[in-house]
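[1] Structure of the sequence below:
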Amino acid sequence: MSFARVLPIAFAVAAPLAVEAAEIRSARFQNWTISSHSSDRTGQFSHCAANASYRSGIVLLFSINENQQWTIGFLSRNWNLRPGSEIDLTYFVDNRPPRPGVARALDANLVLMPLPPENSLFQQMRAGQVLTVLAAGQTFQFSLTGTSVMLQTLLDCSRSRGNITVAVPQPAPPQAPTPTQSAQPRDRPPSTSSAERRLEATQFVANLLSDSGMRGFRIMTTSEMQREDTIPHIRAADVAWQGDGTLGTLHVLSGPAAGNLDRQASEIIASDARDCPGEFMTARVADAEMRNVRRLMTFCTIRPNESLALHYMLLPMPGGIAYQLAIIGRAGRDAASVEDQRLRDAVHSVVTRHPALGPSASERPTPSPELPVGRRTFSN
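    All right, here's what the predicted structure looks like:
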């Protein structure tokens, strides 16, 4: 397969007007190859594209068409995808909130995904260090070196309908900050430890859900979790997801809550009982195969003939923290119970592989390049 030929055609197929694309101009910046293309059918400008190859063998792609719609893509000779199939994924830049997405397999080796027309995301891709993609139970990370100039060049290329000018910005002369600027940064980043824990929790959830065999789940964005009509349990979570008729959450516990999971289980029961407007029942589940994991269920009648079931798991984690997982669904329906069992089986698989339950990134052994599992950082 000639990737040099496939890449422009791939983005042309994603566009509504063309089936193939002829190259107009090309240029290179660092590890990025930037090119502009016209439609073989109309002869008119269709899009500008850029690609970079990574040591993993994956090619990362970006494209902006004549309407300034942008697309991201991933290509690998090692994949064997079903053409036309959709792939649910989650992606984020650095420690920014995760975003859900749906990519489509154009052929056995290539997936494409339209990106939302948001300037904030465009600037994150330009200024970010690492793009993380969670898909099919795997975590992929791509260095974003050079994307600031590359993406701006793509946008300028699209606006000029094919003209490529790689304009490397000159650094501004240093200026002494004013006292106000020094004391009050305009955009203070979140706490590194908190951001890293949330990032690890998101990766844990994505991998766990994929390992469990659940279909159709989607990790919620921070804005979705914080909507006014969202239940408090989700608003307070570190990670939340939507399943088939269920909701799920993960809370990162620290301090006394992480140190005594039996007490935390009792506090969960007491809290759910206080919040329940009707009849309330609870049960604890002993699991002989996971003695350091606490499992419990609570049931609440919220209105006549309608009850909620909450299935909890409390997992001790390295570093003095614990994960509190919950599946929320309608009582009397199978969805919550089925997903709870699937999640339990996936957790048991983790326990079997790692008795300490999910070692942190610094403790986790680095997988060999041949193994399609674990966390990978790709640099170009």
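[2] what about the strands in the stretch 151-300 of the chain?
    Ranges of strands in the stretch 151-300 of the chain, per DSSP state E, counting those that start in this stretch, are 218-219, 239-242, 247-253, 280-285, 294-303.
[3] Same list (the ones you listed) but as TSV, adding mean neighbour count and distance to residue 100.
    Using the backbone N, CA and C atoms, a C-beta is placed for each residue, glycine as well. Listed next are the strands of the stretch 151-300 of the chain as TSV, based on neighbours: other C-beta atoms under 10 Å; distance: least, C-beta to C-beta, whole Å:
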stretch	mean neighbour count	distance to residue 100
strand 218-219	20	5
strand 239-242	23	9
strand 247-253	22	14
strand 280-285	14	31
strand 294-303	18	28
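[4] Now render those strands as a markdown table, adding distance to residue 271.
    Formatted as a markdown table, those follow (distance: least, C-beta to C-beta, whole Å):
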| stretch | distance to residue 271 |
| --- | --- |
| strand 218-219 | 24 |
| strand 239-242 | 17 |
| strand 247-253 | 12 |
| strand 280-285 | 11 |
| strand 294-303 | 9 |
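[5] which stretch in those strands has the least confidence?
    Among those, strand 218-219 carries the lowest mean pLDDT, at a mean of 80.
[6] Go through the strands of the stretch 151-300 of the chain and name the closest to residue 324.
    Nearest of the strands of the stretch 151-300 of the chain to residue 324, taken as C-beta to C-beta: strand 247-253 at 4.2 Å.
[7] tell me what the closest one is packed against?
    helix 192-212, helix 232-235, strand 239-242, strand 321-330 (3 or more C-beta pairs under 8 Å, 6 or more residues apart in numbering; DSSP states H and E).
[8] Name every strand pairing with it and say which way it goes.
    strand 239-242 (antiparallel), strand 321-330 (antiparallel) (DSSP bridges).
[9] Looking at those strands, spot the one closest to residue 70.
    With C-beta to C-beta as the criterion, residue 70 lies closest to strand 239-242 of the strands paired with strand 247-253, at 25.9 Å.
[10] hmm, who's touching that closest one?
    Residues outside strand 239-242 that contact it (C-beta atoms under 8 Å, 6 or more residues apart in numbering) are 198, 201-202, 205, 209, 217-220, 224-225, 234, 247-250.
[11] Could you tell me which ranges of the stretch 101-250 of the chain sit under the pLDDT cut-off?
    167-195, 211-216 (pLDDT under 70).
[12] and with 80 instead?
    Scanning the stretch 101-250 of the chain for pLDDT under 80 picks out the ranges 136-139, 162, 167-199, 203, 206-218, 221-223, 229-231, 243-245.
[13] Show me what residue 49 is bridged to.
    residue 35, residue 63.
[14] picking up where we left off before, and residue 343, which of the strands of the stretch 151-300 of the chain is closest to it?
    strand 247-253 (7.8 Å).
[15] Do you know the pLDDT at residue 35?
    So residue 35 comes in at 88 (pLDDT).
[16] Which residue ranges make up the domains of this structure?
    3-159, 193-353 (automatic domain parsing).
[17] Can you tell me which of those domains is nearest to residue 165?
    The nearest among those, by C-beta to C-beta, is domain 3-159 at 6.4 Å.
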